[in-house]
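Novice: my questions concern the predicted model and sequence given below.
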Amino acid sequence: MERILITGALGQIGTELTLKLREKYGEGNVLPTDIKAPEDDNLKGLPFEILDVRDMERMKGIVSEFRPDTMLHMAALLSATAEKNPQFAWDINMVGLMNALETAREYDLKFFTPSSIGAFGPSTPKENTPQVTIQRPTTMYGVNKVAGELLCDYYFEKFGVDTRSVRFPGLISHVKEPGGGTTDYAVEIYFEAVRNGAYTSFIDKSTNMDMMYMDDAIDAIIKLMEADPDQLVDRNAFNVTAMSINPEMVANEIRKHIPGFTLDYDVDPVRQGIAASWPNAIDASEAKRQWGFQPKYTLEKMTETMLEAIRNKK
Ligand code: VAH
């Protein structure tokens with residue numbers, strides 16, 4: 001990976017990914033794109049291209065000009081948004097992915113796109129969910145993610161495109177807030193803890209989901225993309241996670257720093273239903289074994305880091 005095009009660069013992952021890759025691979029070797037221009041400070045002023053991933057012609061045009069060797073395709077609608085408008089989700093998530101894979105095939109690009117724990121469903125084993133298991137999700141997002149995993153495998157097998165992917169858990173970060181995800185409570189809770197000392201969770205107290213701090217997610221992308229292809233059996237997609245947590249666990253950790261923090265609940269049936277259909281804790285041992293995945297952030301360390309970073313924003 002030397003010269004990198006990123007789609008969905010203004011999203012929660014794309015923003016930090018762009019900044020980190022510019023540092024690591026050189027400013028001129030990373031081109032962020034998104035459907036609209038940057039408005040906030042993070043990517044403002046950097047070289048940037050507007051790209052709607054449904055427009056394959058423009059995508060190919062940008063690639064033929066920038067000449068990357070790798071595409072990191074991050075543009076997607078998250079689970080709760082996708083449930084509100086499933087047809088639109090199919091367009092962005094599936095038509096966008098097909099266009100990106102076709103572009104990667106034509107221009108011989110290495111290719112990464114994230115799958116998610118959303119690719120699992122109610123019939124998947126809930127604890128220690130294996131790498132290869134039942135995948136019958138009940139959300140449009142999950143349908144898109146399973147189809148995406150298979151499509152990426154197909155492009156590898158059929159056309160030799162070097163596709164790689166992970167199943168991300170909920171990602172927690174402070175640079176850019178997520179939008180429209182079921183796991184977003186685990187980001188909001190930190191912002192609200194610092195700003196108001198209180199949070200009302202839309203996810204119920206004992207609902208466990210896998211989570212990971214953004215630095216570990218970005219390291220995972222880089223590590224997987226740099227891995228020797230001969231080591232990879234499960235290319236699309238590897239289970240990765242750092243912790244299985246619920247709102248009460250996060251609140252207890254926050255109280256070590258903000259003793260008066262209060263948490264109450266106003267459970268959203270749609271997002272709670274999505275969360276209940278996902279695993280409680282997935283098994284990431286194949287990612288560890290095949291390419292050395294090793295997250296550094298525990299709940300304790302992540303909580304300290306998040307609270308400090310958000311305080312410094314004020
Ligand atoms: C969502 N954060 O909540 C995403 C994710 C782990 C789930 O892919 O939709």
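Specialist: On my side now, so go ahead.

Novice: only C-alpha atoms from now on, for both contacts and neighbour counts.
Specialist: Noted.

Novice: low-confidence ranges in the protein?
Specialist: 314 (pLDDT under 70).

Novice: how about the residues of it near the ligand?
Specialist: L78, S79, S116, I117, G118, F168, P169, G170, G181, T182, T183 (Cα under 6 Å from any ligand atom).

Novice: check the gap between the first one and L150 for me.
Specialist: Read that as L78. Using Cα to Cα, to the nearest Å, L78 is found at 19 Å from L150.

Novice: next one: the second one
Specialist: S79 sits at a distance of 19 Å from L150 (criterion: Cα to Cα).

Novice: domain boundaries for this structure, per the record?
Specialist: Domains of the chain are assigned by automatic domain parsing as 4-169+212-239, 171-211+243-313.

Novice: now the end-to-end length of the longest one.
Specialist: The distance separating the two terminal residues of domain 4-169+212-239, taken as Cα to Cα, comes to 24 Å.

Novice: could you dump stretch 201-214 to CSV, C-alpha only?
Specialist: C-alpha atoms of stretch 201-214 as CSV (Å, rounded to 0.1, in the frame of the first residue of the first chain):
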residue,chain,number,x,y,z
SER,A,201,-29.1,5.7,26.7
PHE,A,202,-31.2,4.4,23.8
ILE,A,203,-29.7,0.9,24.3
ASP,A,204,-30.8,-1.1,27.3
LYS,A,205,-28.6,-1.5,30.4
SER,A,206,-27.5,-5.2,30.0
THR,A,207,-27.1,-5.3,26.2
ASN,A,208,-23.6,-6.4,25.5
MET,A,209,-22.0,-5.5,22.1
ASP,A,210,-18.5,-5.7,20.9
MET,A,211,-16.6,-2.4,20.7
MET,A,212,-13.1,-1.1,19.8
TYR,A,213,-11.2,2.2,20.1
MET,A,214,-10.6,4.0,16.8
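
Novice: got the contact list for that stretch?
Specialist: 13, 117, 169-173, 183, 185, 189, 241-248, 263-268, 271-272, 275-276, 278-282, 295, 297, 302 (Cα atoms under 8 Å, 6 or more residues apart in numbering).

Novice: of these, grab the buried ones for ChimeraX.
Specialist: Selecting only the buried entries of the contacts of stretch 201-214 in ChimeraX, with 16 or more other Cα atoms under 10 Å as the criterion:
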select :13,117,169,170,171,172,173,183,185,189,241,242,243,244,245,246,247,248,263,271,272,275,276,278,279,280,281,282,295,297,302
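
Novice: so which of the contacts of stretch 201-214 sit within helices?
Specialist: I13, Y185, I189, P247, E248, R271, Q272, A275, A276, M302 (DSSP state H).

Novice: can you tell me which helix or strand V233 belongs to?
Specialist: Assessed by DSSP states H and E, V233 sits outside every helix and strand.

Novice: picking that back up, reformat the ones in helices among the contacts of stretch 201-214 as CSV; add distance to N29.
Specialist: Below are those laid out as CSV (distance: Cα to Cα, whole Å):
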residue, distance to N29
I13, 18
Y185, 34
I189, 36
P247, 40
E248, 43
R271, 38
Q272, 41
A275, 38
A276, 41
M302, 30
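
Novice: which one of those residues is nearest T33?
Specialist: Of all the ones in helices among the contacts of stretch 201-214, T33 sits closest to I13, with 12.9 Å by Cα to Cα.

Novice: report back the residue of this structure that's furthest from centre.
Specialist: Here the chain reaches farthest from its C-alpha mean at G260, the gap being 31.8 Å by Cα atoms, centre = their mean.

Novice: contacting residues around the one residue in the stretch 1-150 of the chain that gets nearest to the ligand?
Specialist: Residue nearest to the ligand within the stretch 1-150 of the chain (Cα to the nearest ligand atom): S79, separated by 3.7 Å. Applying Cα under 8 Å, 6+ apart, we find S79 in contact with G118, T139, M140, Y141, G142, G180, G181, T182, I274.
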